[in-house]
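Colleague: predicted model, plus sequence, below.
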Amino acid sequence: AAPQFEPFDGTLDGEKPKRTWGEAIKDTGAQLAEGVNTTLGAIPSVLAPQSKVAGFFRDNAEHWRDKQSDVLKGRIAETDKRIQEAGKDGVMSQIGTAASEYWNDPAQAARLVATNLPSMAATLGTGAAAGFAAKGVAAARGLDAANKAALAAKYGTTTAAATNAALNAGGARGEAFEDLQKSALAQGMTPEQAEQAGVSGSILPGVVGGVAGAVSGKIGLEKALLGQATTGAFMRKAGGAFGAELAGEQIEELAPKVATNYQVGRIDPGRTLTDDLGRTVVETAIGSGPGAVVAGGAAGMR
């Protein structure tokens with residue numbers, strides 16, 4: 001029989017398929033839209049993850065992911081398979097594989113940043129608005145500049161932390177609801193039973209996510225940009241703010257993830273507390289990296 005040859009797709013063996021500049025720009029737009037959708041979708045998921053409104057935002061997130069170029073979607077799918085496979089060998093193995101995958105494919109790493117930007121903007125925006133309003137109140141009271149700044153910092157950081165807590169609670173509960181519902185269906189529950197399992201089981205991850213979001217919102221980027229300026233060496237302040245933002249973001253993602261794994265494990269005996277934690281660590285570090293850099297620079301300069 002004559003030898004069979006695969007058609008040449010424009011890439012060499014082992015080389016990742018490349019996007020055009022137009023596809024890259026379009027992908028970034030779709031990722032930002034996905035981030036906006038996810039941020040808005042967290043609001044109804046706080047109290048009713050099973051509602052039609054929350055379901056709309058979950059479906060719409062899939063719509064925006066599907067809007068990405070076929071090249072990027074294919075690379076994401078292959079990366080996902082390798083990361084999931086590495087997870088079978090433990091958290092550290094998954095961390096190593098995920099880090100390697102994103103290091104070798106900056107386009108996928110950039111996606112994590114783009115989808116995270118809208119939630120950062122929402123948190124900082126509400127905090128900045130509260131701080132501005134507080135300055136107006138302080139001026140009306142005749143307070144001096146120092147007290148104006150103190151009042152603005154207090155209300156700005158508190159509002160930002162509250163916003164971050166609400167968004168993280170909704171995001172965590174929404175993701176947990178979806179995970180629990182799918183697991184319940186896979187275990188043979190009826191759709192009604194699976195939905196109820198998702199509603200009740202997602203409360204704990206939502207609460208944990210809210211607490212973690214409040215803590216992160218008080219120590220990280222929000223504090224660096226909206227809090228009061230402090231004295232001290234540039235590098236010490238910058239390094240502290242940089243580390244606080246990275247640590248806070250890890251708490252935001254890891255704590256509710258463990259809570260979700262615990263709840264799913266009560267339905268599916270195969271789910272462990274550490275399931276997919278390695279991926280979460282790496283993806284969170286990448287997504288929060290730019291915010292950490294900004295936090296460090298802002299704290300140091302102020």
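Modeller: Structure received.
Colleague: tell me the SS of P205?
Modeller: Secondary structure, DSSP: H, G, I helix; E, B strand; the rest coil: P205 is helix.
Colleague: quick check, it in contact with T260.
Modeller: Yes. P205 is within contact range of T260, at 4.5 Å (criterion: Cβ atoms under 8 Å). From N, CA and C alone the C-beta is placed, and that goes for glycine too.
Colleague: which neighbours do those two have in common?
Modeller: Shared contacts of P205 and T260, defined by Cβ atoms under 8 Å, 6 or more residues apart in numbering, comprise 172, 175-176.
Colleague: N147: which of these is nearest?
Modeller: A172 (37.1 Å; Cβ to Cβ).
Colleague: now do the SS call for the closest residue in space to the closest one that isn't next to it in sequence.
Modeller: Spatial nearest neighbour of A172, excluding adjacent residues (Cβ to Cβ, 6 or more residues apart in numbering): G209 at 2.8 Å. Recorded secondary structure, G209: helix (three-state DSSP).
Colleague: give the contact list for V137.
Modeller: Counted by Cβ under 8 Å, 6+ apart, V137 has contacts L151.
Colleague: nearest to D105, of the shared contacts of P205 and T260?
Modeller: Closest to D105, out of all of the shared contacts of P205 and T260 and judged by Cβ to Cβ, is E175, at 23.8 Å.
Colleague: in what helix or strand does F56 lie?
Modeller: For F56, the element it lies in under DSSP states H and E is helix 52-66.
Colleague: quick one: the helix or strand just after that helix to chain centroid distance?
Modeller: Downstream of helix 52-66, the first helix or strand assigned by DSSP H and E is helix 70-87. Distance, stretch centre to chain centre, for helix 70-87: 18 Å (Cα atoms, centre = their mean, to the nearest Å).
Colleague: for helix 70-87, buried residues please.
Modeller: Going by neighbour count (16 or more other Cβ atoms under 10 Å), the buried part of helix 70-87 is 71-72, 75-76, 79, 83, 86-87.
Colleague: would you map the helices across this structure?
Modeller: For the chain, helices defined by DSSP state H occupy the ranges 21-45, 52-66, 70-87, 91-104, 106-140, 145-186, 191-201, 203-219, 221-226, 234-265, 277-301.
Colleague: counting by contacts, list what the last one packs against.
Modeller: Contacts defined by 3 or more Cβ pairs under 8 Å, 6 or more residues apart in numbering; DSSP states H and E place helix 277-301 against helix 70-87, helix 91-104, helix 106-140, helix 221-226, helix 234-265.
Colleague: now those helices in TSV, with mean pLDDT and distance to T38?
Modeller: Shown next, in TSV, are those (pLDDT from 0 to 100; distance: least, Cβ to Cβ, whole Å):
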stretch	mean pLDDT	distance to T38
helix 70-87	96	16
helix 91-104	97	19
helix 106-140	94	7
helix 221-226	89	18
helix 234-265	93	13
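Colleague: the ones you listed into a markdown table, with extra columns for distance to E283?
Modeller: As requested, the helices and strands packed on helix 277-301 are exported to a markdown table (distance: least, Cβ to Cβ, whole Å):
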| stretch | distance to E283 |
| --- | --- |
| helix 70-87 | 9 |
| helix 91-104 | 7 |
| helix 106-140 | 5 |
| helix 221-226 | 18 |
| helix 234-265 | 8 |
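Colleague: for those helices, which one sits closest to A161?
Modeller: Nearest to A161, of the helices and strands packed on helix 277-301 and by Cβ to Cβ, is helix 221-226 at 6.4 Å.
Colleague: returning to what we had before: go ahead and confirm the residue nearest to A172 touches G174.
Modeller: No. The pair G209 / G174 is not scored as a contact, 9.6 Å apart, by Cβ under 8 Å.
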